[in-house]
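S.K.: just coords:
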Ligand SMILES: NC(=O)c1ccc[n+]([C@@H]2O[C@H](COP(=O)([O-])OP(=O)(O)OC[C@H]3O[C@@H](n4cnc5c(N)ncnc54)[C@H](OP(=O)(O)O)[C@@H]3O)[C@@H](O)[C@H]2O)c1
């Protein structure tokens, strides 16, 4: 590799630019492992960064893309050798470090996870950051049965259900045999949600309302990707000893609730952060991916974009206009 393609973001005063450029290898400045990238993916945070840096990017010119999977091509690390297949998500790559919307990346070895044998780089990025986060949420719901030795889980709720995190959560929870209610603002996506395992479809407007401190107890577990009023309402509808995994803010970063669900129903609100999750946990989660995810089903909701498509269309994710996952083929 001497020259390769990448998305370059730049900011000059008020002017913010995004373009696909051919750049030199010497441009890559962080880390000790060079990875030839096969795929990246589109996540909500990518949309924010592509828009205007999202207050996350500190230096320009910058290469965005918060995740990628590919093959090690040069390594100064004893832990990785040429030819190793690897996955990267989080660690603020694509924000303060150069990211995955490029044919090559150079990152710190302790950010990388070796690709498990039963996955390939395409499947890894069909999941990507959103999928890994969804698996973290699903394991939290399951924790009532596994770690806490509580009552079995039956009914679960997923908000932002057609989104990246939401759709993987719907799929994985239904594969576990739970009855999944999917909350969506997209009236035309009921069939898609049913095809990935949702049993009941709930119109977002039903939950996007002021919550009572306690409401009818309906769900044993919740995966919330949107925050705000919808999360408060979901808490008030959670059954005694239910698990609520909160990972997102697609609606709002605010949460106006009461202590009632916690002290009267013993509900657990469990925050999820996939960015700084320890490597050992990531290795475990990736090793479980094929157990939790039916890739054949999930693939039906996957769109494949190139770098140029990211430039023209990434803003759609901020408007909630994308359903399922967007896989980014950086060599397209
Ligand atoms: N904590 C972490 O480690 C972590 C990791 C990954 C992602 N996240 C967060 O999780 C959230 C989802 O990420 P994603 O990549 O899955 O994004 P996404 O694909 O855009 O999914 C978000 C979904 O939320 C729903 N939505 C959008 N705007 C909304 C609004 N104003 N009110 C209510 N619902 C709305 C939409 O689904 P419907 O149309 O079906 O309702 C949308 O598809 C984001 O906030 C992201 O920052 C956090």
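M.R.: Alright, I've got the coordinates. Worth saying up front: this structure is predicted, and the values here are computed from it rather than measured.

S.K.: A strand includes residue 223, no?
M.R.: Yes - per DSSP: H, G, I helix; E, B strand; the rest coil, residue 223 lies within a strand segment.

S.K.: how deep is the residue in the chain that the ligand sits nearest to tucked in, by neighbour count?
M.R.: In the chain, the residue that lies nearest the ligand is residue 163 (1.9 Å; CB to the nearest ligand atom). Yep, even glycine has a C-beta here, placed from its N, CA and C like the rest. For residue 163, the number of neighbouring residues by other CB atoms under 10 Å comes to 28.

S.K.: With the ligand in mind, check whether stretch 201-212 reaches it.
M.R.: Yes - Stretch 201-212 lies within reach of the ligand by CB under 6 Å from any ligand atom, at residue 204.

S.K.: and that stretch, how far from the chain's centre?
M.R.: Centroid separation between stretch 201-212 and its chain, computed with CA atoms, centre = their mean, to the nearest Å, is 23 Å.

S.K.: Over to that stretch now: how far is its first residue from its last?
M.R.: 22 Å (CA to CA, to the nearest Å).

S.K.: Report the buried residues of that stretch.
M.R.: Judged by neighbour count using 16 or more other CB atoms under 10 Å, the buried positions of stretch 201-212 are 201, 202, 204, 207, 208, 211.

S.K.: Spatially nearest residue to the second one (excluding sequence neighbours)?
M.R.: Pointing back at residue 202 there. Nearest non-adjacent residue to residue 202, counting by CB to CB, 6 or more residues apart in numbering: residue 183, 4.7 Å away.

S.K.: can I get the buried residues of stretch 201-212 in a markdown table with distance to residue 187 and pLDDT?
M.R.: As requested, the buried residues of stretch 201-212 are arranged in a markdown table below (distance: CB to CB, whole Å; pLDDT from 0 to 100):
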| residue | distance to residue 187 | pLDDT |
| --- | --- | --- |
| 201 | 9 | 98 |
| 202 | 11 | 98 |
| 204 | 9 | 98 |
| 207 | 15 | 98 |
| 208 | 14 | 97 |
| 211 | 23 | 97 |
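
S.K.: In helices, which of those residues fall?
M.R.: Judged by DSSP state H, helices contain the following of those: 204, 207.

S.K.: Looking at the buried residues of stretch 201-212, which one is closest to residue 43?
M.R.: Distance to residue 43, by CB to CB, is smallest for residue 204 among the buried residues of stretch 201-212, at 20.4 Å.

S.K.: Spell out the secondary structure type for the residue nearest the centre of the chain.
M.R.: By CA atoms, centre = their mean, the chain has its centre lying nearest to residue 130, at 1.3 Å. With three-state DSSP as the basis, residue 130 sits in helix.

S.K.: so what's it scoring on pLDDT?
M.R.: pLDDT, residue 130: 97.

S.K.: Ok, residue 25 next?
M.R.: 89.

S.K.: What of residue 52?
M.R.: 95.

S.K.: Skipping adjacent residues, who's closest to it in space?
M.R.: residue 16 (5.3 Å).

S.K.: what comes up buried for stretch 92-100?
M.R.: 92, 93, 94, 95, 97, 98, 99, 100.

S.K.: circling back: tell me the gap between the helix or strand where the residue nearest to residue 52 lies and the middle of its chain.
M.R.: With elements taken from DSSP states H and E, the one containing residue 16 is strand 15-24. Offset of strand 15-24 from its chain centre (CA atoms, centre = their mean): 25 Å.

S.K.: which helices and strands does the helix or strand following that strand pack with?
M.R.: Using DSSP H and E, the helix or strand that follows strand 15-24 in sequence is strand 33-42. For strand 33-42, the packing partners by 3 or more CB pairs under 8 Å, 6 or more residues apart in numbering; DSSP states H and E come out as strand 67-75, strand 85-89, strand 104-107, helix 121-146, strand 325-329.

S.K.: repeat that for 6 Å
M.R.: Secondary-structure packing of strand 33-42 (3 or more CB pairs under 6 Å, 6 or more residues apart in numbering; DSSP states H and E): strand 67-75, strand 104-107, helix 121-146, strand 325-329.

S.K.: ok but residue 110 is inside a strand, no?
M.R.: No - using three-state DSSP, the assignment for residue 110 is helix, not a strand.

S.K.: In space, what's closest to it - neighbours in sequence excluded?
M.R.: Closest to residue 110 by CB to CB, 6+ apart is residue 279, at 6.7 Å.

S.K.: Where does the nearest residue to residue 316 once chain neighbours are set aside fall, secondary structure wise?
M.R.: Spatial nearest neighbour of residue 316, chain neighbours left out: residue 322 (5.2 Å); criterion: CB to CB, 6+ apart. Counting by DSSP H and E, no helix or strand carries residue 322.

S.K.: what's the burial count for residue 322?
M.R.: For residue 322, using other CB under 10 Å, the count is 22.
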